[in-house]
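> predicted model follows, preceded by the sequence.
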Amino acid sequence: MVRHITFFVASIFTFIAVGVPAENETAAADAQLLAARRLLIPVVGVTRASLRDSFDERRGASRHEAIDIPAPRGTPVVAAGDGRVVKLFKSVPGGLTVYQFDTDEKFAYYYAHLDRYAEGLGEGKLLKRGERLGYVGSTGNASSAAPHLHFAIFRLGPDTSWWKGAPINPYPFLNDAMR
Ligand SMILES: [Zn+2]
């Protein structure tokens, strides 16, 4: 019995030892790439000092895996980085949303609860970092009393599907706009 437990524990440690470094390497590589993109805080007028990291918070039964950026309704939302709009989508939780791929199609940037899209925005449009894509709102499951942008980053899989990817906390990578 004791020998079985020892083996079991040893197996777990082996699994951890083998499994974690590869994941850490991916995370470190992602972090390096995202830091190099100098992503902008995607809501005009919001500063780094006022950002709050809500990535790990619970939202109902699941982890938030995004950050919420509160701002008055109608505040312009801008592209965090360069890249193409791949999908404009209306969902029950997200309301009016934008999915944008970065120029290497390695990451997706997701903007939700928009009040409306910027004029001329369409699927396939290449946005430059800081270019307007919509306006802060509370569409979807956001409280109408607390308009905010829900912003997420996903690492895309090999099939680069806009609707799936591994969530990455945007908080460390968002920078103040240059004045
Ligand atoms: Zn949110």
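Great, that's in hand. Residues are numbered from 1 along each chain as shown.

> residues contacting stretch 57-70, please?
Identification of contacts with stretch 57-70 by Cβ atoms under 8 Å, 6 or more residues apart in numbering yields 41-43, 46, 51-56, 110, 112, 136, 146-152, 167, 169-171, 174. Heads up, the C-betas are built off the backbone N, CA and C, glycines and all.

> if any of the residues you listed are buried, put those into a ChimeraX selection.
Command for ChimeraX that selects the buried part of the contacts of stretch 57-70, burial taken from 16 or more other Cβ atoms under 10 Å:
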select :41,42,43,46,51,54,55,110,112,136,147,148,149,150,151,152,169,170,171,174
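
> of the contacts of stretch 57-70, which ones also sit close to the ion?
Restricting these to those adjacent to the ion (criterion: Cβ under 5 Å from the ion) gives His150.

> what's the helix or strand for the residue in the chain positioned nearest to the ion?
Closest residue of the chain to the ion, Cβ to the ion: His150 (3.4 Å). His150 belongs to strand 148-156 when assigned by DSSP states H and E.

> the residue most central in space within the chain pairs with what?
Nearest residue to the geometric centre of the chain (Cα atoms, centre = their mean): Ala152, 1.5 Å. Beta bridges link Ala152 to Tyr110 when assigned by DSSP bridges.

> quick check: it vs Ala112, distance?
8 Å (Cβ to Cβ, to the nearest Å).

> which non-adjacent residue is nearest the residue of the chain closest to the ion?
Ala112 (4.1 Å; Cβ to Cβ, 6 or more residues apart in numbering).

> and for Lys128?
In space, Lys128 is closest to Asp82, 5.6 Å off (Cβ to Cβ, 6+ apart).
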